[in-house]
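[1] This is a predicted model, with the sequence first.
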Amino acid sequence: MNVPVVVTPRLWLRVPEPADRAALHAMWTDPVVMANLAPVNDTDAALARHDSYRHEGLGFWVVARREDAAAIGFCGLKRGNPGSPIEGLVEIGWIFAAPFWGQGYAYEAAAASLAWAWQNVREDRIVAITAARNLKSRGLMERLGLRRVVDGDFDHPALPPGDPLRRTVLYEILRPA
């Protein structure tokens, strides 16, 4: 197993390894998990994209439970996608397999990712985006201390007109004083 980058009381956040592919693919192809997220059409391409951020220390990490090392999610920081209103900004995000929802894992992993960011990145703010209809992620953003950016909503350029996920909300958190 890769050495964890971040350790919390219940979780290890670590760079993905080949053994994680099946769990991540299952999560990214689960219609319940993906109901409010843009589709991941190619697991290997998604993993490669996150590997491309590693030279900066960024890229989402596999979230593994410490008790059994099970890969239960994907969380971390990356650069905002080219062509989007957050292009180049440091963005936090998360996704968890449905059996692990409602147990505080997403909050624990995301809070630890933010703490890691303030110690390891220079930016004065971190952003997060989600589909306007994704109330669970929006609630988590607010519990983490992110605030919705006034006039920050946008139509996600990667999604076609009429797609119910296209309308996107922007949240941010500023570096603690």
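    Now that the structure is in, tell me what you want to look at.
[2] contacting residues for Ala98?
    Asp30, Val32, Val33 (Cβ atoms under 8 Å, 6 or more residues apart in numbering). Glycine gets a C-beta too; all of them are placed from N, C-alpha and C.
[3] One more: Asp153?
    Here Asp153 is in contact with Ala132, Arg167, Thr168, Val169, Leu170 (criterion: Cβ under 8 Å, 6+ apart).
[4] where does Met1 land on pLDDT?
    Here the pLDDT value assigned to Met1 is 67.
[5] now swap in Asn41 and tell me
    So, for Asn41, pLDDT stands at 86.
[6] Could you give the secondary structure assignment for it?
    coil (DSSP: H, G, I helix; E, B strand; the rest coil).
[7] Please apply the same query to the one 3 residues further on.
    Secondary structure assignment for Asp44 (three-state DSSP): helix.
[8] just Ser113 next, same as before
    Looking at Ser113 with three-state DSSP, the answer is helix.
[9] Tell me which residue is most central in the protein.
    Gly93 (1.9 Å; Cα atoms, centre = their mean).
[10] Is that residue within a helix or a strand, and which one?
    Taking DSSP states H and E as the definition, Gly93 sits inside strand 90-96.
[11] what's that strand packed up against?
    Packing partners of strand 90-96 (3 or more Cβ pairs under 8 Å, 6 or more residues apart in numbering; DSSP states H and E): helix 21-28, strand 59-65, strand 71-79, helix 105-120, strand 125-131.
[12] hmm, 7 Å instead?
    Applying 3 or more Cβ pairs under 7 Å, 6 or more residues apart in numbering; DSSP states H and E, one finds that strand 90-96 contacts strand 71-79, helix 105-120, strand 125-131.
[13] okay, these in TSV with mean neighbour count, mean pLDDT and distance to Ala97 next?
    Converted to TSV, the helices and strands packed on strand 90-96 look like this (neighbours: other Cβ atoms under 10 Å; pLDDT from 0 to 100; distance: least, Cβ to Cβ, whole Å):
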stretch	mean neighbour count	mean pLDDT	distance to Ala97
strand 71-79	23	97	6
helix 105-120	18	97	10
strand 125-131	21	98	18
